[in-house]
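Participant: Just need the structure, nothing else, for what follows:
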Amino acid sequence: MIVVMGATGATGNAVLHSLLALGAPVRALTRTPHIPIPGATGVHPQPVEVQYVDAADPGSLRTAFEGAGQLFLAMANGPAQVALETRVIDIAVQAGIGHIVKISAPAAEPDSPVAVSRGHHAVEEHLRACGLTHTVLRPYAFMQNLLRLAPAVAQGVILGTMGESPCNYIDCRDIGDVAAASLTRPELAGGTYTLTGPEAVAYPELAARLTTLTGSAVRYVNLAPGELRDSLVRNAHMPDWLADHVTEIQQLAVTRPESPTTTVAELLGRPPRTLDAFLREHRAHFRPTDLSAERQE
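Facilitator: Prediction:
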């Protein structure tokens with residue numbers, strides 16, 4: 001049995017879909033059992049167990065891990081992440097789980113300039129100390145997170161603090177496929193894999209592609225790091241820690257220029273999904289509101 005934590009999240013749900021496509025036995029965990037998990041119902045080669053779990057509740061974790069052999073571990077970034085993930089790992093070990101696939105982050109180093117990445121490093125170190133087989137996935141920026149730019153794009157602007165520095169993007173569905181492969185192909189277990197799409201794209205180029213896609217001008221406005229952070233708190237209503245995180249990862253792309261890896265293709269035997277294909281698939285999200293209204297008339 002493979003347990004999937006975060007089955008309602010972007011990566012967890014992608015893993016769930018990938019495992020179901022492979023016919024693997026899956027137990028999907030959620031803190032909101034009253035809300036259907038996308039992909040957990042319908043006709044599948046194997047049934048899907050859906051079970052309530054709260055990472056802060058050791059009892060619910062023990063119940064969720066009972067009889068399982070592998071665990072996919074993905075939790076939302078946040079101030080409590082290290083404490084929660086290390087607790088999950090400890091209880092998984094006690095429950096007899098033999099392999100954990102963890103979603104980590106690039107630059108997961110003890111002295112990383114990104115606080116969240118330092119936290120992921122601490123969790124990775126805890127995994128190593130536990131002695132069980134573990135696979136670490138270090139994906140770059142999720143393409144799905146670009147959908148959060150839609151309101152700004154509809155107003156014709158993207159704000160950032162990366163200048164002309166390119167950024168790696170990856171579709172969460174490719175992360176899901178790599179995680180599923182790591183959970184079902186023993187020869188892949190135990191590795192540390194840095195995951196990207198096929199190209200790194202700077203914000204000015206992203207704005208140009210969105211202009212072509214939507215037929216309406218989209219421009220990139222480069223801000224100083226502090227200006228971007230203040231805008232995220234004031235206008236996007238982000239908590240301080242998240243605004244800090246977004247600013248830090250954008251500045252990391254400036255200080256450590258990003259370039260794509262070939263890892264996804266090597267592991268899956270096919271190229272990763274492209275940014276252009278993702279943008280076309282979600283074109284409706286980025287259309288300016290006035291144009292969308294016109295099309296509906």
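
Participant: Only C-alpha atoms from now on, for both contacts and neighbour counts.
Facilitator: Will do.

Participant: Show the low-confidence segments of the stretch 51-200 of the chain, by residue range.
Facilitator: For the stretch 51-200 of the chain, no stretch has pLDDT under 70.

Participant: Which stretches in it count as strands?
Facilitator: Ranges of strands within the stretch 51-200 of the chain are 70-73, 99-103, 133-139, 141-142, 157-160, 166-170, 192-195, 200-202, based on DSSP state E, counting those that start in this stretch.

Participant: want to try CSV for those strands, with mean neighbour count and distance to V221 as columns?
Facilitator: Formatted as CSV, those follow (neighbours: other C-alpha atoms under 10 Å; distance: least, C-alpha to C-alpha, whole Å):
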stretch, mean neighbour count, distance to V221
strand 70-73, 24, 36
strand 99-103, 24, 31
strand 133-139, 21, 26
strand 141-142, 20, 19
strand 157-160, 20, 5
strand 166-170, 25, 15
strand 192-195, 20, 28
strand 200-202, 18, 12
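
Participant: which one of those strands lies closest to L267?
Facilitator: Across these, L267 has its closest neighbour in strand 192-195 (9.4 Å, C-alpha to C-alpha).

Participant: Name the strands paired with the closest one and say parallel or antiparallel.
Facilitator: Its sheet considered, strand 192-195 pairs with strand 133-139 (parallel) by DSSP bridges.

Participant: just to revisit the earlier point, want to throw the strands of the stretch 51-200 of the chain into JSON lines with distance to R283?
Facilitator: Shown next, in JSON lines, are the strands of the stretch 51-200 of the chain (distance: least, C-alpha to C-alpha, whole Å):
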{"stretch": "strand 70-73", "distance to R283": "31"}
{"stretch": "strand 99-103", "distance to R283": "28"}
{"stretch": "strand 133-139", "distance to R283": "24"}
{"stretch": "strand 141-142", "distance to R283": "17"}
{"stretch": "strand 157-160", "distance to R283": "16"}
{"stretch": "strand 166-170", "distance to R283": "17"}
{"stretch": "strand 192-195", "distance to R283": "24"}
{"stretch": "strand 200-202", "distance to R283": "18"}
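
Participant: Grab the nearest non-local neighbour of A92.
Facilitator: Nearest non-adjacent residue to A92, counting by C-alpha to C-alpha, 6 or more residues apart in numbering: F65, 6.5 Å away.

Participant: For that neighbour, give me its contacts.
Facilitator: Neighbouring residues of F65 by C-alpha atoms under 8 Å, 6 or more residues apart in numbering: 3, 92, 95, 97.

Participant: Looking at strand pairing, list the partners for the first one.
Facilitator: Beta-bridge pairing for V3 (DSSP bridges): R27, L71.

Participant: so who does it touch?
Facilitator: Counting by C-alpha under 8 Å, 6+ apart, V3 has contacts 26-29, 64-65, 68, 70-72.

Participant: rerun that using 7 Å as the cut-off
Facilitator: V3 sits next to 26-28, 68, 70-72 when contact means C-alpha atoms under 7 Å, 6 or more residues apart in numbering.

Participant: Look up the pLDDT of it for me, please.
Facilitator: V3 is assigned a pLDDT of 94 by the prediction.

Participant: what about it, distance to Q51?
Facilitator: 10 Å (C-alpha to C-alpha, to the nearest Å).

Participant: Quick check: neighbours shared by the two?
Facilitator: Residues touching both V3 and Q51 by C-alpha under 7 Å, 6+ apart: A28.

Participant: what's near enough to touch V221?
Facilitator: By C-alpha under 7 Å, 6+ apart, the residues touching V221 are 157-160.

Participant: From R173, how far off is it?
Facilitator: Using C-alpha to C-alpha, V221 is found at 30 Å from R173.
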